[in-house]
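>>> Next comes the sequence, and after it the predicted model I'd like to discuss.
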Amino acid sequence: MLSIKSTVELNNGIQMPLLGLGVFRAQSGEEARSAVRTAIEYGYRHIDTARIYCNEKSVGRGIRDSGVKREDIFVTTKLWRTDYADARRGLIESLERLGLDYVDLYLLHWPFAGFERAYLELEKLQQEGLCRAIGVSNFKIHHFSMLQAAGASVVPQVNQTECHPANAENVLLGWSQAHKVALEAYSPLGGQGHLLINDPRILSIAEHYKVSAAQVILRWNLQRGVIVIPKSVHAERIISNADLYGFELTPEEMSALGELDRQERRAWDPDRIEARPAELWPDPVPED
Ligand SMILES: NC(=O)c1ccc[n+]([C@@H]2O[C@H](COP(=O)([O-])OP(=O)(O)OC[C@H]3O[C@@H](n4cnc5c(N)ncnc54)[C@H](OP(=O)(O)O)[C@@H]3O)[C@@H](O)[C@H]2O)c1
């Protein structure tokens with residue numbers, strides 16, 4: 001039975017909590033720090049940040065403030081493109097900002113040019129114990145073949161990708177299960193500015209269980225075995241987004257939610273990532 005403590009076993013035997021808190025656009029400082037502390041106090045044991053979110057210092061402070069032991073929290077961060085030529089430096093600097101000796105999961109943020117070489121470096125960092133698991137983000141199936149062709153020896157433990165009812169990623173999910181790559185849903189509510197919480201079909205299921213549309217959407221992915229990392233900086237939402245275990249969607253409701261799939265990606269197409277205009281890619285800034 002699913003609970004806030006549910007985990008998935010990664011292909012290297014590490015347990016990864018199925019529910020985490022995302023902190024993209026959580027402001028560095030009090031906003032990010034208190035979101036992280038609130039989430040951990042309520043029972044989250046998994047935080048998802050990235051170099052480019054520019055809030056790693058605040059995430060580290062929130063973790064320390066929570067008083068929960070480091071080894072009981074699963075921390076993910078991601079390598080940004082400005083460090084693809086020197087992944088070691090990228091990770092060491094992230095660890096310094098987080099105030100941690102290791103992260104639980106280190107991801108390549110996008111298949112930016114040079115990702116294959118960066119991944120080979122991640123394999124070494126993992127062997128040295130600086131990250132317990134390694135993986136990728138925004139990867140399509142063909143990107144995995146490119147890693148293999150480049151001589152990768154570790155199958156990525158995780159692929160974090162955009163996944164919600166409007167972009168269900170059924171093919172990628174089937175492939176991931178067959179290849180033992182855990183699928184992690186980013187923008188699980190539809191993404192900031194594109195939330196699916198007003199969809200009448202989702203709302204009618206929510207009304208039936210007396211829960212919110214956000215809870216229905218998150219529960220749908222959990223029941224598919226997909227890791228979810230909803231972002232919020234509001235305590236009441238952080239708490240309700242983790243209150244997902246008092247109801248269970250029926251197979252019919254799962255199928256009805258599955259029918260909302262329009263393969264509608266809100267984020268940039270990973271195959272066109274290098275064509276994204278430079279002004280849309282602010283370089284990371286120093287943190288307070
Ligand atoms: N790897 C990647 O390329 C990538 C890309 C995007 C995201 N991510 C990760 O995935 C995480 C989640 O994705 P996301 O931030 O894009 O989108 P999301 O989690 O789908 O949606 C977050 C938005 O929903 C609002 N919200 C949260 N809970 C709500 C609720 N119960 N009712 C109403 N509104 C609610 C939040 O506002 P408030 O904060 O104001 O509550 C925020 O604006 C990110 O934070 C990040 O960690 C990774």
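Nice, I can see it.
>>> Minimum distance to the ligand, which residue of the protein gives it?
Proximity of the chain to the ligand (CB to the nearest ligand atom) peaks at residue 22, 2.4 Å away. Bear in mind the C-beta positions are built from the backbone N, C-alpha and C, glycine included.
>>> for the stretch 51-200 of the chain, what spans make up the strands?
Secondary structure of the stretch 51-200 of the chain (DSSP state E, counting those that start in this stretch): strands at 74-79, 103-108, 131-137, 158-162, 182-186.
>>> picking up where we left off before, enumerate every residue touching the residue of the chain closest to the ligand.
Listed by CB atoms under 8 Å, 6 or more residues apart in numbering, the contact set of residue 22 reads 48, 186, 229, 230, 231.
>>> One more: residue 95?
For residue 95, the contact set (CB under 8 Å, 6+ apart) comprises 101, 102, 103, 130.
>>> all helices for the chain, in order.
Secondary structure of the chain by DSSP state H: the helices cover 30-42, 56-66, 87-98, 115-127, 141-149, 170-179, 200-209, 213-223, 235-240, 251-258.
>>> who's in contact with the shortest one?
The set of residues that contact helix 235-240 without belonging to it, under CB under 8 Å, 6+ apart, is 21, 35, 38, 39, 42, 44, 212, 214, 215, 232.
>>> what do you get for stretch 193-206?
164-166, 187, 189-190, 212-217, 249, 253, 256-257, 260, 266.
>>> Also stretch 73-83?
With CB under 8 Å, 6+ apart, stretch 73-83 has contacts from 16-17, 20, 40, 45-52, 56, 59, 63, 66, 87, 89-91, 93-94, 98, 100, 103-110, 112, 118, 122, 137, 160, 281, 283-284.
>>> Show the buried residues in these.
Among the contacts of stretch 73-83, those buried by neighbour count (16 or more other CB atoms under 10 Å) are 16-17, 20, 40, 45-52, 56, 59, 63, 66, 87, 90-91, 94, 98, 100, 103-110, 112, 118, 122, 137, 160, 284.
>>> and those near the ligand, which?
With CB under 6 Å from any ligand atom as the criterion, those include 48, 109, 137, 160 near the ligand.
>>> Tell me which two of those residues sit farthest apart.
With distances taken as CB to CB, the most widely separated pair in these is 48 and 109, at 11.5 Å.
>>> of all the residues in the stretch 101-250 of the chain, which ones are close to the ligand?
Neighbours of the ligand within the stretch 101-250 of the chain, by CB under 6 Å from any ligand atom: 109, 137-138, 160, 186-192, 195, 197, 212, 214, 229-234, 237, 240-241.
>>> again, only this time at 8 Å
Within reach of the ligand by CB under 8 Å from any ligand atom, the stretch 101-250 of the chain has these residues: 107, 109-110, 137-138, 160-162, 164, 185-195, 197, 212-215, 229-234, 237-238, 240-241.
>>> Can you tell me which of those residues are buried?
Among these, those that count as buried by neighbour count (16+ other CB under 10 Å) are 107, 109-110, 137-138, 160-162, 164, 185-191, 212-215, 229-233, 237-238, 240-241.
>>> what sits against residue 61?
33, 36, 99.
>>> didn't residue 106 look like it was pressed against residue 91?
Yes: counting by CB atoms under 8 Å, residue 106 touches residue 91, with 5.9 Å between them.
>>> Please enumerate the shared neighbours of the two.
79, 125, 130, 131.
>>> Tell me the one of those residues nearest residue 224?
The closest of the shared contacts of residue 106 and residue 91 to residue 224 turns out to be residue 131 (CB to CB; 26.2 Å).
>>> Done for today, thanks.
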